[in-house]
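A.B. asks: Sequence first, then the predicted structure:
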Amino acid sequence: MIILAVLLLVLVGVVAFLNTEMILINFYFMTFTLPLWLALIGTLLIGMVIAALLANGARNRQVVKNKDKELDRSETERKEAVDRVKKESEAQLEIQKKEAEIQRLSAELSSAKESETKPISETLIKEVPIGSRVQKKSNKDLKVEEYQVDLPEENQSDETIK
């Protein structure tokens, strides 16, 4: 790039040295008389400034385009992360629900085991309403039946229980 700039500068110097005559430049409301080499260098400098501005604008548009792509990519990654966290929290909530259900079932199982090991002398009471229409339940309206439950002894083998 620097070599190209030096070659261009040498070329402009040669052209300026070969064109030393005076020229008339008319700007509609003003007229200037300048050497031709000065008009050529001035035109070259104005062209370079315009090219630099256009190149800078193109570079800025490319930077903005790249930043937009990066922003879109970041937004996509953020959405994926949010979805992943939602799924993980839902899974954690499901695990907590399952653990609570396991604890409840364990409590039911232990209470069921306790009820199996109750003493033989316990009785079961069954309440049955008497009459077709029962408005108000009282001790008179209920029939109470008692049952004696004989449970097998724990030291008996499984064959005698069957």
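C.D. replies: Yes, it's here.
A.B. asks: In terms of secondary structure, what does the helix ranked longest in the chain contact?
C.D. replies: Using DSSP state H to assign secondary structure, the helix with the most residues in the chain is helix 36-116. With contacts defined as 3 or more CB pairs under 8 Å, 6 or more residues apart in numbering; DSSP states H and E, the packing partners of helix 36-116 are helix 2-18, strand 22-26. Quick note: C-beta positions are derived from backbone N, CA and C, even for glycine.
A.B. asks: If you average pLDDT over each of the ones you listed, which is lowest?
C.D. replies: Lowest mean pLDDT within the helices and strands packed on helix 36-116: helix 2-18, a mean of 85.
A.B. asks: Report the inter-axis angle for that helix versus helix 36-116.
C.D. replies: Angle of helix 2-18 versus helix 36-116, following axes from the mean of the first three to the mean of the last three CA atoms, to 10 degrees, is 160 degrees.
A.B. asks: and helix 2-18, which residues are buried?
C.D. replies: Ala16 (16 or more other CB atoms under 10 Å).
A.B. asks: Check which helices and strands it is in contact with.
C.D. replies: For helix 2-18, the packing partners by 3+ CB pairs under 8 Å, 6+ apart are helix 36-116.
A.B. asks: And the average pLDDT for the helix it packs on is what?
C.D. replies: Here the average pLDDT along helix 36-116 is 90.
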